[in-house]
Structures are given as C-alpha cells and as structure tokens.
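S.K.: Need a 3D model of the sequence below.
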Amino acid sequence: MSGGLVALLDDVVAIARLAAASLDDITAAAGRAGVKAIGVVVDDTAVTPRYVTGFSPSRELPIIWRIAKGSLRNKIVFILPTALLLSQFVPWAITPLLMLGGAYLCFEGAEKLYEAVAGHHDTPTEEASKLSSKAHEDAMVTGAIRTDFILSAEIMAIALAEVAEQSFVSRALILVVVAVMITALVYGVVGVIVKMDDFGLKLAQGSSGAGRTFGRGLVKGMPIVMGALSWIGTAAMLWVGGHILIDGLDKFGFGAPAHVLHDAALAVGHAVPFAQGVLEWFVETLGSGLVGLLVGGLIVAALHLIPRKH
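M.R.: Numbering: from 1, shown residues only. All right, here's what the predicted structure looks like:
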C-alpha cells in the first residue's frame, strides 16, 4: 500500500515537473513570438492615442480601458480561434485575409490625410458638443477597436508563424500569452502617454522648484507630443498596411516590390555603414508607407472623388 502511494506521489511529481517545464517553454516561446511582432506593437501604440485626443481628462483612462478590453476580445475571441483553425486546415487563406485588412488600414490612413487636406473639420462649437457626447465616445472607441483588429491580426499572425512547429495546444496557449502580454504592454504605455500632462500639472503645483519647472514643461509639451502621435498613428496605418500588402504579394509569387524595396534599403544602408540598421529600416518603412498611400489613395478616390451616377 505504502509502495503504491510512493509510486503515485512520484508520478504526481513527474507530471508537475513536466507541466512546469511546458509552462516555461510556452512562456519562452511567447516571449520570442512577441519580440518578432514588436514592430507592429510600436505602430499599435502610436495609432491608439489619436482616439482619445480632445476628450476631457476624466474620460481618457476609461476610454483606453474600453479599447484595451476590445483589443483583448479581438485577439482571444475572434482572431486566435480563427488563426488556429485556418493554420490547421486552410493555411493558404491567412495571407489574403491579412491583405484585405492591410488594404483597410491603407484606406483609413489615406482617408485621414484626405480629410486633413480637404478641410473636413467641425466648427469649434460642434466639436465641443461632439466631444462631450456619449455617442461620439462610442464611435471613437468602435473605430479604435476596428483599427486594432487589423493590427492585432498582424501581431497574432507573426506570432503564429514563429511557433508554427509547436503542437496545436501549445500554439493556442502561446498565442493566449502573447495576446495578454501585448495588450497589457500597448495600452499600459498608451495610458502613461495620455496622462503625462496631468502628472506634469501635479508637479507644476508642487513645492520643488525643479519639479515645477519639469511639470510646466510636460504640460506645455504633451499637446505637441499628442499631436505628433496622431500624425505618427496615421503614418503607421499606411506603412503597416503597405507592408502587409507587399509581404502578401511576395508570398503569392509577385516579389518585385519586396525585392526592389529590400535592395534599395541595403544600398542606402551600405552607403552609410555607421547608421546602416536605422537607414535600412527607414527606407523599407518609407517604401511601405508610399505603397500604403498609393493603395489607400486609390480606395479613397473611388469612394469620395469619382462621381457616381444616380
């Protein structure tokens, strides 16, 4: 009896060790997959603050929390099971679906530029009225979650490609860890960014001279930072969308755009060796952005500029 109990305890310990090792493997794989997706994570972080610009300070964090919950729901409820099933049964369908999402990002970025150039803005009174309404907040949150869906799909696709050799269950667990980790990182950083002016105001009202100076600098500087992030977010939609399209065309055998862009980036990088990595990234990002602007511009023109027969 005692021998059987000892054997059972040995089995339990062995299973526990195996589970701990598997958890370590999953965590490590999730970390590697998350690092691969870090470029899109940066873009996601740049895009989101534009959706809370202009709201009252008391609504900023609640709005970010609503977007974060929507983002996690996107990843775990919709994207994760779809990605796993597609990768298991119809892996060829992932690329065209991503390209459709990339085209939507290009359209949204180009439309923001079109609205800025065409002067489609509300009057100050109308804008203030809108910003105080729940309907406007709901619309902005919905738009942010919709944009996040495409970026999240790209993040999860990159992560999935990194762990494609794992078992189905391991892939699922790894993607759950990536989804939670990335969402916490992105919206934690966004929360810090949008509340920096409030932090600066508190410092400006403090007793320390250096603190007051630094606080006043934050209060004055954050509107500029938020304005810049809004434009960076628009640019990010274009370059991420363009990159998705270029990469998708390459996978379908039309690799000319990807090869031309890669060769141009290498040429510029080799010309300035001390900044090779930065310049290669810049050239590839610029090229992807131009492709995104071209595709998005064509869609905007089709929807807004081409006369329709009635």
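
S.K.: Listing request: residues of the stretch 201-310 of the chain with sub-threshold pLDDT.
M.R.: The model of the stretch 201-310 of the chain has pLDDT under 70 over residues 307-310.

S.K.: What segments of it are helices?
M.R.: Taking DSSP state H, counting those that start in this stretch, the helices of the stretch 201-310 of the chain run over residues 209-251, 256-271, 276-300.

S.K.: Out of those helices, which gets nearest to residue 63?
M.R.: Of all the helices of the stretch 201-310 of the chain, it is helix 209-251 that lies closest to residue 63, at 13.7 Å by Cβ to Cβ. Every residue, glycine included, has its C-beta placed from N, CA and C.

S.K.: helices or strands next to the one helix or strand residue 170 maps to in the packing?
M.R.: Assigned by DSSP states H and E, residue 170 belongs to helix 168-194. Contacts defined by 3 or more Cβ pairs under 8 Å, 6 or more residues apart in numbering; DSSP states H and E place helix 168-194 against helix 2-36, helix 38-47, helix 57-73, helix 80-89, helix 134-162, helix 209-251.

S.K.: Of those, flag the one that's most buried.
M.R.: helix 38-47 (a mean of 22; mean count of other Cβ atoms under 10 Å).

S.K.: What mean pLDDT does that one get?
M.R.: Computed over helix 38-47, the mean pLDDT rounds to 62.

S.K.: Of all the helices of the stretch 201-310 of the chain, which one is nearest residue 133?
M.R.: helix 209-251 (20.5 Å).

S.K.: packing partners for that closest one?
M.R.: On a contact count with 3+ Cβ pairs under 8 Å, 6+ apart, helix 209-251 meets helix 38-47, helix 94-118, helix 134-162, helix 168-194, helix 196-204, helix 256-271, helix 276-300.

S.K.: Can you give the distance of it from its chain's centre?
M.R.: Using Cα atoms, centre = their mean, to the nearest Å, we find the averaged C-alpha position of helix 209-251 to lie 12 Å away from the chain's own average C-alpha position.

S.K.: low pLDDT regions in the stretch 51-200 of the chain?
M.R.: Applying pLDDT under 70 to the predicted model, the residue ranges of the stretch 51-200 of the chain that meet it are 120-132.

S.K.: The same query, at a cut-off of 50, please.
M.R.: Within the stretch 51-200 of the chain, the stretches with pLDDT under 50 are 122-126, 128-129.

S.K.: quick revisit: give me the angle between the helix holding residue 170 and helix 196-204.
M.R.: Here helix 168-194 runs at an angle of 50 degrees relative to helix 196-204 (axes from the mean of the first three to the mean of the last three Cα atoms, to 10 degrees).

S.K.: Would you indicate which residues of helix 168-194 are buried?
M.R.: Along helix 168-194, the positions that meet the burial threshold by neighbour count (16 or more other Cβ atoms under 10 Å) are 171-175, 177-179, 181-183, 186-187, 189-191, 193-194.

S.K.: any idea of the angle it forms with helix 80-89?
M.R.: 140 degrees.

S.K.: returning to what we had before: now for the helices and strands packed on helix 168-194, which one comes closest to residue 259?
M.R.: If you check each of those against residue 259 by Cβ to Cβ, helix 209-251 wins as the nearest, at 8.0 Å.

S.K.: now the closest one against helix 196-204, angle please.
M.R.: 170 degrees.

S.K.: Number the chain from 725, please
M.R.: With the count now opening at 725, the last piece we talked about shows up as helix 933-975.

S.K.: Helix 933-975 vs helix 818-842, what angle?
M.R.: With the same axes, to 10 degrees as the criterion, the two stretches helix 933-975 and helix 818-842 enclose an angle of 130 degrees.

S.K.: Report the inter-axis angle for helix 933-975 versus helix 1000-1024.
M.R.: Using the same axes, to 10 degrees: helix 933-975 against helix 1000-1024 is 70 degrees.

S.K.: Now do helix 933-975 against helix 980-995: the angle between them, please.
M.R.: For the pair helix 933-975 and helix 980-995, the angle between their directions (the same axes, to 10 degrees) equals 130 degrees.

S.K.: want to throw the helices and strands packed on helix 892-918 into TSV with distance to residue 1020?
M.R.: Below are these laid out as TSV (distance: least, Cβ to Cβ, whole Å):
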stretch	distance to residue 1020
helix 726-760	26
helix 762-771	14
helix 781-797	23
helix 804-813	25
helix 858-886	13
helix 933-975	6
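
S.K.: who touches residue 961 in this structure?
M.R.: 767, 771, 829, 830, 832, 833, 836, 871, 1016 (Cβ atoms under 8 Å, 6 or more residues apart in numbering).

S.K.: er, residue 771 I mean
M.R.: Taking Cβ under 8 Å, 6+ apart as the definition, contacts of residue 771 comprise 871, 872, 875, 957, 960, 961.
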